[in-house]
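> show me how the following folds:
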Amino acid sequence: MLLKSPWEPYLVVMNAPPSERLVRALADDILEGRLAANDRLPPHREVAYRLGIGIGTATKAYAILERRGLVRSEKGRGTFVAALPGSREAVIDLSVNAPPRIVGQQMLARTLLNISRNIDADLFARYPPDGGYFEHRRQMAQWLAWLGMQMKVEQLLLCNGAQQALSVALAVASKPGGTIITESQTYPGVISLTRHTSHRLVGVETDREGMQSEALDEALGRTSGGVVYVTPTMQNPTTATMGERRRHEIADVCRKHDALIIEDDVYSLGSSGFPPIAMLAPERTFYVNSLSKTVSPGLRIGSLVAPHHYVDKAEVALSATSSMVSPFSCAVMAEWLSSGIAQTLRKSIKVESSRRLDLARSQLGDVAVFPDHEGFHIWLPMARREADNFVAASRAIGIHVTPPAATAVDPDANDGGVRLCVGGPELSDLKTALEKLSAILKNSALAGRPQRSHV
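Numbers count the residues shown, from 1 in each chain. From the prediction side, this is the model:
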């Protein structure tokens, strides 16, 4: 005799199809502990009847949850809540900017099984072209088109992660020791990269839409042959997203000074609705993206779209790195893109990111800057001394956050802040961390002082 399910079916109130609302309801109850491991879920037909939805809709929702590893189905017995891995670390790390964990064991096992049935031995028997096989590049180009970026396949090169794509773009766009102009608070990875390559990094003022076009115009006017590195969507670390007008202004300023652009679009989940700068100034923009942030951190496949007259140089620079994209990763990418799994993962990441941001708002809403759409990090703007004190206090209670020195272009600047990454930790750990950080802020000089600027 099968036990009655403890779950009472409901749909989350949100602007989405019924299947997504059902997924959100069950995911919330599983991840927040209201449903325990091995709890039985109601049959598809019962859920459909009680909610007034189609059986196919309920089946689709259950399938999405199973692919995420939140439930498991047993033939003849039904569907059950899967056991989730608990936190194994005493330290809660909010310093690594990763998307929420979506890929489950069953999804990965099914992927490996499908790959084994259709594996092409030539992928492992010979060296691939420097920029990747044409079919894999075509699939990546289609994926980027879904995210709003249109290009010719011949312009796209596959890299071993977005960091390698940035390195190649930097090597082609700027001479050794050249000047790179970026936001005053920027991605820690590009700060480390430019220090390694002995480039001079110059920060310009930002506002709620990111890099200011007037400040960029002034900086380029003082620089000969400067290259602009910019993150228009979900800027790291400030969360700013440029509107379409600002993107046109940035492109126009770079044309005026004949400056090349490196556009980092890895945080775009296709939600901003604005065109990449690379589509507004394709003749001078190197466009970087990655599957690590939009699908899964373990799928380290970066993409570099180069202006057509720089493609050959980019291929040479990529070849010089002696680090080709993994054939196995490409096989996983091909399976997920062709089967639609990648789109399912992207949508699930968007939903889970929104939920985590809502949780952070409930604890830090008065002092933090949040993105206008889905994302994995939030920004706490504060003076450098306050930021250093906050980092020290957080570390003392076992919480790691991004220190202000990691994101500041000018190490002597007084203004700055702390980035909190909310995507990586288990949900229970994230709740604990946010509650503790909120207590630190309430007891600090920041209590009751709204923080609205990005710098």
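> remind me which residues of the stretch 1-150 of the chain are low pLDDT?
1-3, 84-89 (pLDDT under 70).
> mind listing the strands for it?
Taking DSSP state E, counting those that start in this stretch as the test, the strands found in the stretch 1-150 of the chain are 71-74, 78-81, 92-94.
> highest average neighbour count across those?
strand 92-94 (a mean of 22; mean count of other CB atoms under 10 Å). Just so you know, the C-beta spots here come from the backbone N, C-alpha and C atoms, and that holds for glycine as well.
> okay, the strands of the stretch 1-150 of the chain in JSON lines with distance to residue 329 next?
Below are those laid out as JSON lines (distance: least, CB to CB, whole Å):
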{"stretch": "strand 71-74", "distance to residue 329": "26"}
{"stretch": "strand 78-81", "distance to residue 329": "31"}
{"stretch": "strand 92-94", "distance to residue 329": "24"}
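> what about those strands, which gets the closest to residue 170?
strand 92-94 (27.9 Å; CB to CB).
> quick revisit: do you know which of the strands of the stretch 1-150 of the chain lies nearest residue 52?
strand 78-81 (20.1 Å).
> coming back round to it: closest to residue 155 out of the strands of the stretch 1-150 of the chain?
Closest among the strands of the stretch 1-150 of the chain, once you apply CB to CB, is strand 92-94, at 36.6 Å.
> which elements pack onto that closest one?
strand 399-401, helix 427-442 (3 or more CB pairs under 8 Å, 6 or more residues apart in numbering; DSSP states H and E).
> what residues sit buried inside the shortest one?
I take that to be strand 399-401. By neighbour count on 16 or more other CB atoms under 10 Å, the buried set for strand 399-401 is 399, 400, 401.
> what of stretch 152-171?
For stretch 152-171, the neighbour count (16+ other CB under 10 Å) marks 155-171 as buried.
> tell me how many other residues surround the closest residue to residue 271 other than its chain neighbours.
Leaving out its chain neighbours, the residue that sits closest to residue 271 by CB to CB, 6 or more residues apart in numbering is residue 373, at 4.0 Å. With neighbours defined by other CB atoms under 10 Å, the count for residue 373 comes to 20.
> how many residues are close by the closest residue to residue 44 other than its chain neighbours?
Excluding the flanking residues, the one nearest residue 44 by CB to CB, 6+ apart is residue 58, at 4.3 Å. Residue 58: 25 surrounding residues under other CB under 10 Å.
> same question, residue 76
Number of residues near residue 76 (other CB under 10 Å) recorded here: 5.
> next one: residue 77
Per other CB under 10 Å, the neighbour tally for residue 77 reads 9.
> how close does it get to residue 254?
61 Å (CB to CB, to the nearest Å).
> same question for residue 37.
Taking CB to CB, one finds residue 37 at 54 Å from residue 254.
> which of the two has more neighbours?
Neighbour count, other CB under 10 Å: between residue 37 and residue 254, residue 254 has more, with 26 against 11.
> and stretch 196-212, C-alpha only, in PDB?
What follows is stretch 196-212 as a C-alpha-only set of coordinates in PDB (Å, rounded to 0.1, in the frame of the first residue of the first chain):
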ATOM      1  CA  HIS A 196      49.900  39.600 -15.200                       C
ATOM      2  CA  THR A 197      50.200  41.100 -18.600                       C
ATOM      3  CA  SER A 198      51.600  44.500 -17.400                       C
ATOM      4  CA  HIS A 199      48.700  46.400 -18.800                       C
ATOM      5  CA  ARG A 200      47.700  49.700 -17.200                       C
ATOM      6  CA  LEU A 201      44.200  49.600 -15.900                       C
ATOM      7  CA  VAL A 202      42.200  52.900 -15.600                       C
ATOM      8  CA  GLY A 203      38.800  53.100 -13.900                       C
ATOM      9  CA  VAL A 204      36.100  55.600 -14.900                       C
ATOM     10  CA  GLU A 205      33.000  56.800 -13.000                       C
ATOM     11  CA  THR A 206      29.800  54.800 -13.100                       C
ATOM     12  CA  ASP A 207      26.200  55.300 -12.200                       C
ATOM     13  CA  ARG A 208      23.100  53.200 -12.000                       C
ATOM     14  CA  GLU A 209      23.600  52.200 -15.600                       C
ATOM     15  CA  GLY A 210      27.200  51.400 -15.300                       C
ATOM     16  CA  MET A 211      30.000  53.100 -17.200                       C
ATOM     17  CA  GLN A 212      29.300  56.800 -17.900                       C
END
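> would you mind checking the average pLDDT for that stretch?
Per-residue pLDDT over stretch 196-212 has a mean of 94.
> tell me the buried residues in that stretch?
For stretch 196-212, by 16+ other CB under 10 Å, it's 199, 201, 202, 203, 204, 206, 208, 209, 210, 211, 212.
> quickly list what the fourth one is bridged to.
So that's residue 203. Beta-bridge pairing for residue 203 (DSSP bridges): residue 182.
> just checking, it touches residue 183?
Yes: with contact defined as CB atoms under 8 Å, residue 203 reaches residue 183; the gap is 6.4 Å.
> overlap in contacts, these two.
Taking CB atoms under 8 Å, 6 or more residues apart in numbering as the criterion, residue 203 and residue 183 both touch residue 409.
> show me where the stretch 201-350 of the chain has helices.
213-221, 244-256, 277-280, 291-294, 311-320, 327-339, 341-364 (DSSP state H, counting those that start in this stretch).
> ditto for the stretch 51-200 of the chain
55-67, 105-118, 122-125, 134-146, 162-173, 188-196.
> which of these sits closest to residue 306?
Per CB to CB, nearest to residue 306 of these: helix 162-173, 7.1 Å.
> check which helices and strands that closest one sits against.
strand 156-159, helix 188-196, strand 227-230, strand 260-264, strand 285-290, strand 302-305, helix 311-320.
> just want the angle from the fifth one to helix 134-146.
If I follow you right, that is strand 285-290. 100 degrees (axes from the mean of the first three to the mean of the last three CA atoms, to 10 degrees).
> and for the closest residue in space to residue 186 that isn't next to it in sequence, the neighbour number?
Distance criterion CB to CB, 6+ apart; nearest residue to residue 186, sequence neighbours excluded, is residue 409 at 5.8 Å. Applying other CB under 10 Å, we find 19 residues neighbouring residue 409.
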